[in-house]
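Asker: What follows is a predicted structure for the sequence shown.
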Amino acid sequence: MTFPRRELPRLNELLIPDDQRKSTRKHLYNHIIDSYHLHLSMPAVTSSIHLPIATYPITWGDNSMPVLGLGRFGCVVKLGEDRVLKRPKTFPEIHDPDISYINEANIICLANEANVYKRLGRHDGIIQCFQTSSYSIELAFANQGDLFTYMQNNPRPTEAVIVDWIRSLAETFAYIHSRRVVVEDIGLKNILVHNNCLKLVDFGNSLLLPMDTDMECFCIQDITPRLEVLHLGCVFYSLATWIEFKYDYIDPNHMLKPDQCPKTAGIIGESIILKCWTGGYASMESLKKDVKALLG
């Protein structure tokens, strides 16, 4: 979640979320851990992330840096005017095996995200990553916040801006898939707005695939290219209508049928959005080409 600039809490004001303490189990993190191990096993890629689990620093305690964002696995604190630091949520264990496992899993998730940024490199549609360490990722600060909050607080921009944003997202996601990264968590809160441009962020749930993977045919943890495209289509629809639309199924067999789709008549990218929802694109690359052809 994002806090208003003048109401930023400190880390020591926040408590361990009850739902995370009670419901977190190993299966929630297995796909992240599997992806991390897959990354380590790739001969063409070497990891700079080391995990001395017994010596990690506790981030959930006294800290003078203001919290900008808080997710399932990590927290983001402000470093300065133009940078932020993302760190795993780690709690004092106090002989609690559940907390011990949460700490370890959160650190692995951050290591996985660091490896994703390393794989992706620099791209205009992705928030800049300056450096990573065993327990942190240093990122650029987005001066207009996340897209979900931006939509709540700002009027709908011009049609030209919406078209430009859709084109930008289509190109960025095609690039990400070309780097054999499965985003998995596609939504408005994981897209930032900086100087009126969109930047993708938060790859803690993302999955690294071997570089020779066919990006029209992959299926990992029930995620397929068509499912990724479906969720990106929901983002397109949200932009076109300026109202958030989410589709919660993560089963590749649950594509939207035409009679289940919200009304799209007359909105920007109508035909593109319908094809996203109904399995009309085999890959992000084919979606990008269609967006370029139809929206310029």
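Answerer: Looks like it came in fine.
Asker: Could you pull out the helices in the stretch 51-200 of the chain for me?
Answerer: Along the stretch 51-200 of the chain, counting by DSSP state H, counting those that start in this stretch, helices occupy 97-120, 147-153, 159-178.
Asker: just how off-centre is the longest one within its chain?
Answerer: This means helix 97-120. 14 Å (C-alpha atoms, centre = their mean, to the nearest Å).
Asker: Would you mind listing the buried residues in it?
Answerer: By neighbour count with 16 or more other C-beta atoms under 10 Å, helix 97-120 contains the buried residues 99, 101-120. Just so you know, the C-beta spots here come from the backbone N, C-alpha and C atoms, and that holds for glycine as well.
Asker: Could you list the low-confidence segments of the stretch 51-200 of the chain?
Answerer: 51-64 (pLDDT under 70).
Asker: repeat that for 50
Answerer: Low-confidence segments of the stretch 51-200 of the chain (pLDDT under 50): 51-55.
Asker: picking up where we left off before, for the helices of the stretch 51-200 of the chain, could you give me a markdown table that also reports distance to residue 208?
Answerer: Output for the helices of the stretch 51-200 of the chain, formatted as a markdown table (distance: least, C-beta to C-beta, whole Å):
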| stretch | distance to residue 208 |
| --- | --- |
| helix 97-120 | 6 |
| helix 147-153 | 25 |
| helix 159-178 | 11 |
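Asker: Quick one, which of the ones you listed gets closest to residue 237.
Answerer: Relative to residue 237, the nearest member of the helices of the stretch 51-200 of the chain by C-beta to C-beta is helix 159-178, separated by 10.1 Å.
Asker: got a list of what residue 144 touches?
Answerer: 150, 192-196 (C-beta atoms under 8 Å, 6 or more residues apart in numbering).
Asker: Just the ones in strands from the residues you listed, please.
Answerer: When DSSP state E is applied, the contacts of residue 144 are split such that 192-194 fall in strands.
Asker: so which of the residues you listed is the most crowded?
Answerer: residue 192 (25 neighbours; other C-beta atoms under 10 Å).
Asker: Please tell me how far it sits from residue 200.
Answerer: Separation of residue 192 from residue 200 (C-beta to C-beta, to the nearest Å) stands at 8 Å.
Asker: Which residues are in contact with each of the two?
Answerer: Common neighbours of residue 192 and residue 200 (C-beta under 8 Å, 6+ apart) are residue 127.
Asker: how close does residue 172 sit to residue 199?
Answerer: 9 Å.
Asker: Which parts of this protein are strands?
Answerer: Listed in chain order, the strands of the chain (DSSP E) span 67-70, 74-78, 83-88, 129-133, 136-140, 181-182, 191-194, 197-200, 207-208.
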